[in-house]
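In: build the 3D model from these lines:
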Amino acid sequence: MRLIDTHTHLDFPDFDADRAELLARCRTRGVERLVVLGVHQGNWQRLWDLVQGDAGLYAAFGLHPVYLDQHRPEHLHELRDWLQRLTGHRQLCAVGEFGLDYFLEQLDRERQQTLFEAQLRLALEFELPALLHVRRAHAASIATLKQLKLPRGGIIHAFAGSYEEAREYLKLGFKLGLGGAPTWPQARRLQQTLSRLPLDAVVLETDAPDMAPAMHPYQRNSPEYLPEICSELARLMNVAPEQLAAASSRNAADLFGWVL
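Out: Next up, the predicted model:
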């Protein structure tokens, strides 16, 4: 299988001890391309340095809602500068990770919304897909995306919504990112939603080092687990693993403008 991990945090210190070896294992297992997402201004340079060392890595830059208290107004200006400076570079693929998080009640929703809209406008300005974090905030996210329509759409990372919410995102040109969460036995509702999704709706991801699948519980998640995740998700979607792998890679390539 040829696979694309559309959502990793490979720049995180969790991988400092064995990053090169891990990437080598990924390639032997068919994980050919990986998207590494920025989450705050302090990790953008580290992320870009990492990506520049491997032609199979791609970068996205964003201001994640969980780091809301770290973000400063000038960071939005710096984000725009990064996007402008790297416009047209083959390894810049999206704006992200950003979005809305209503699960953490201490995060001010008004500030989140302002930052969300500002980054959507940057995706519009630079004609890039948006890689979105949406946690218990589907209604607000969908409403905002209907107002600020993105011609290139994007990905709803770690999608865990209903089938009806999935349909709304698909109508807006977004793909649904699927990773380790549906592999857990308790994810019954999400598993039922997956069984109804068409293959052109989804892309695969790990969110490594977070969101480990049930096959590797309570440990550092890794992009090398993507083939196992693909096989389990394919079972839940009633298709062959090779079908899901091919469709996901094709969907990701179409979204990011890559030639496979």
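
In: next one: the longest strand that the chain contains to chain centre, how far?
Out: Taking DSSP state E as the assignment, the strand of the chain that covers the most residues is strand 92-101. Per Cα atoms, centre = their mean, to the nearest Å, the displacement of strand 92-101 from the mean C-alpha position of its chain is 8 Å.

In: pLDDT on the helix or strand immediately after that strand in the chain, on average?
Out: Taking DSSP states H and E as the definition, the helix or strand that follows strand 92-101 towards the C-terminus is helix 109-125. pLDDT averaged over helix 109-125 equals 98, rounded to a whole number.

In: export helix 109-125 as PDB, just CAs?
Out: Taking C-alpha atoms only, helix 109-125 is exported to PDB below (Å, rounded to 0.1, in the frame of the first residue of the first chain):
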ATOM      1  CA  ARG A 109     -14.700  31.300  22.400                       C
ATOM      2  CA  GLU A 110     -14.800  34.800  21.100                       C
ATOM      3  CA  ARG A 111     -11.000  35.000  20.800                       C
ATOM      4  CA  GLN A 112     -11.000  31.500  19.200                       C
ATOM      5  CA  GLN A 113     -13.600  32.700  16.700                       C
ATOM      6  CA  THR A 114     -11.600  35.800  15.800                       C
ATOM      7  CA  LEU A 115      -8.400  33.800  15.300                       C
ATOM      8  CA  PHE A 116     -10.300  31.100  13.300                       C
ATOM      9  CA  GLU A 117     -11.700  33.600  10.900                       C
ATOM     10  CA  ALA A 118      -8.400  35.400  10.500                       C
ATOM     11  CA  GLN A 119      -6.700  32.200   9.500                       C
ATOM     12  CA  LEU A 120      -9.500  31.200   7.100                       C
ATOM     13  CA  ARG A 121      -8.900  34.600   5.400                       C
ATOM     14  CA  LEU A 122      -5.200  33.700   5.000                       C
ATOM     15  CA  ALA A 123      -6.100  30.400   3.400                       C
ATOM     16  CA  LEU A 124      -8.300  32.400   1.000                       C
ATOM     17  CA  GLU A 125      -5.700  35.000   0.300                       C
END
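
In: the inter-axis angle of whichever helix or strand comes after that helix versus strand 92-101?
Out: Sequence-wise, the next helix or strand downstream of helix 109-125 (DSSP H and E) is strand 130-135. Inter-element angle recorded for strand 130-135 and strand 92-101: 20 degrees (by axes from the mean of the first three to the mean of the last three Cα atoms, to 10 degrees).

In: kind regards, and thank you for your time.
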